[in-house]
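Peer 1: Pasted the sequence and its predicted model underneath.
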Amino acid sequence: MSVYSLYVMLEEMFGPQGWWPAETPFEVMVGAVLTQQTRWENVERAIGCLKARGLLSPAALSNADDGTIRECIRCTGFYNQKTKRLKALAKFVVDVGEQRLYAMSGEQLRNMLLGVEGVGYETADSIVLYAAEKPVFVIDAYTRRMLSCMGVRGTYHELQRLFEANLPRDVELYKEFHALIVAFGKQWCNKKRCGECPIPSWPKPELKVEGEHP
DNA sequence: CACCAGGTTGACC
DNA sequence: GGTCAACATGGT
């Protein structure tokens, strides 16, 4: 089974996902930080609170009172570090200029984001793909688990290359594929067991990580 | 009551 | 370059 046919199968199973749920690109960024190790339902509540207080813009958030932010995002956990991370990200956007961010290449934006406090591989790639809409494949815990069930293991960049090397460089495809993997993971991949999928046609594909290690 | 959630960091091999 | 405890609230 090819990587692309896996996508087709997931699309047939779950239908269009329409990620990322947000009204603006900056809201995507905020959500990307808040959803770290956190359920999306709690993130939505926090974002609703920030929005109600007019803090969902780079300028407003970077100047906001820490206590106010913390109050809004408490339900997402890790609120102390996330308050700091949100302000660091907002300040970064203000400093660089939001339009300039979306205009630069995905690779350059990714590298700059990785320099921001609290932004690691997955958060950076989520922002590049869903906010800046540049083709980079996002690898998360569900992706790892799903591939692990299929007998494929590797580092973040190895797994990322597996998808990028076997798919057309298409932003909409990347967006939808990752969302579908999460949908699948939520239903079938618990942390404990991921083996027995009731899907009859669940394949044991011979996916391989190609190329040499970085 | 235990375990887990759309990770990242700093410390330490 | 890879592994691991902390970080914290809310749901099952």
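Peer 2: Yep, that arrived.
Peer 1: going forward, measure contacts between C-alpha atoms and count neighbours the same way
Peer 2: Noted.
Peer 1: name the helices or strands packed onto the host helix or strand of residue A:94?
Peer 2: Taking DSSP states H and E as the definition, one finds residue A:94 inside helix A:79-96. Helix A:79-96 is packed against helix A:25-34, helix A:58-63, helix A:66-73, with contacts defined by 3 or more C-alpha pairs under 8 Å, 6 or more residues apart in numbering; DSSP states H and E.
Peer 1: Check the burial of residue A:13 by counting its neighbours.
Peer 2: 13 (other C-alpha atoms under 10 Å).
Peer 1: follow-up on the earlier one: ok, which of the helices and strands packed on helix A:79-96 comes nearest residue A:189?
Peer 2: helix A:25-34 (21.4 Å; C-alpha to C-alpha).
Peer 1: That closest one vs DNA strand C: in contact?
Peer 2: No. Legend: contact between helix A:25-34 and DNA strand C by C-alpha under 7 Å from any atom of the strand is lacking; minimum distance shown is 10.4 Å.
Peer 1: Buried residues of that helix, list them for me.
Peer 2: A:25, A:26, A:27, A:28, A:29, A:30, A:31, A:32, A:33, A:34 (16 or more other C-alpha atoms under 10 Å).
Peer 1: want to throw the residues you listed into JSON lines with pLDDT and distance to DNA strand B?
Peer 2: Shown next, in JSON lines, are the buried residues of helix A:25-34 (pLDDT from 0 to 100; distance: C-alpha to the nearest atom of the strand, whole Å):
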{"residue": "A:25", "pLDDT": "98", "distance to DNA strand B": "12"}
{"residue": "A:26", "pLDDT": "98", "distance to DNA strand B": "13"}
{"residue": "A:27", "pLDDT": "98", "distance to DNA strand B": "11"}
{"residue": "A:28", "pLDDT": "98", "distance to DNA strand B": "8"}
{"residue": "A:29", "pLDDT": "98", "distance to DNA strand B": "10"}
{"residue": "A:30", "pLDDT": "98", "distance to DNA strand B": "11"}
{"residue": "A:31", "pLDDT": "98", "distance to DNA strand B": "7"}
{"residue": "A:32", "pLDDT": "98", "distance to DNA strand B": "6"}
{"residue": "A:33", "pLDDT": "98", "distance to DNA strand B": "7"}
{"residue": "A:34", "pLDDT": "98", "distance to DNA strand B": "9"}
